[in-house]
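Undergrad: turn this into a structure:
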Amino acid sequence: MLDKYWRMYVDFKIAEYYYSFYLHSSKRIEFGISAFCLLASTTSISAWCIWTQLSKLWAAIIAVAQAISILKPLFPFAKRVSAAEYILQEIRPLLRDVDATWGYDGSLIPNGEIGPYIKQYEARYDAIEERFSSTKLFPQNKKLHDMAQENAVQYLTNRFGIDKEGVVYQ
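TA: Take a look at the predicted model:
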């Protein structure tokens, strides 16, 4: 039963890193879109005034920037940022509770009494994902998941002083 608790702990830690990386990735994309629209609009207007020979090109650049600005609320990045921030606000206290119950070596709770804790924590985690997440909002991203797994393994290795093979499970 302790193995099941440990697997749950590792899964939750990976999820924390995954949503954190998704948050940062979405913020970068959202910033890039905003920066493009801002720069395209301001530089194109200036260039249009100076170089009237290419006025159609500058008009097209302005139109594209304006279209992106108008459609920006429909892009998923802003929604992902909000959802990931809420998810992280909920997952971090959950992980603190899981960590406190686990203790340093898994000896705080006798093996036979850990089942109710597993159910309670898994139910809390499921409620967090149901409230703030969906597969459409957070499509699977293997690169972010691999990074999250690597960081979680490193964290747990450092936190508990065990080798990496002891963290990862099959």
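Undergrad: any low-confidence regions in this structure?
TA: Scanning the chain with the threshold set as pLDDT under 70 gives 44-54, 104-108, 111, 164, 166-170.
Undergrad: now the lengthiest helix in the chain, how far from the chain's geometric center?
TA: Counting residues, the longest helix found in the chain (DSSP state H) is helix 2-50. Helix 2-50 sits 8 Å away from the centroid of its parent chain (CA atoms, centre = their mean, to the nearest Å).
Undergrad: ditto for stretch 62-82
TA: Distance of stretch 62-82 from the chain centroid (CA atoms, centre = their mean) equals 19 Å.
Undergrad: same check on stretch 87-102?
TA: 16 Å.
Undergrad: flag every buried residue along it.
TA: Using 16 or more other CB atoms under 10 Å as the test for burial, stretch 87-102 gives 87-88, 90-91, 94-95, 98, 101-102. All C-beta atoms are positioned from the backbone trio N, CA, C, and that covers glycine.
Undergrad: what do you get for stretch 24-32?
TA: Applying 16+ other CB under 10 Å to stretch 24-32 flags 25-27, 29-30 as buried.
Undergrad: pull the number of nearby residues for residue 138.
TA: Using other CB atoms under 10 Å, residue 138 has 21 neighbouring residues.
Undergrad: for it, grab phi and psi.
TA: phi -120, psi 70 (degrees, to the nearest 10).
Undergrad: so who does the residue most central in space within the chain touch?
TA: Nearest to the mean C-alpha position of the chain, counting by CA atoms, centre = their mean, stands residue 19 at 2.0 Å. Neighbouring residues of residue 19 by CB atoms under 8 Å, 6 or more residues apart in numbering: 84, 87-88, 91, 138.
Undergrad: so of those residues, which ones are in helices?
TA: With DSSP H as the criterion, helices contain 84, 87-88, 91 from among the contacts of residue 19.
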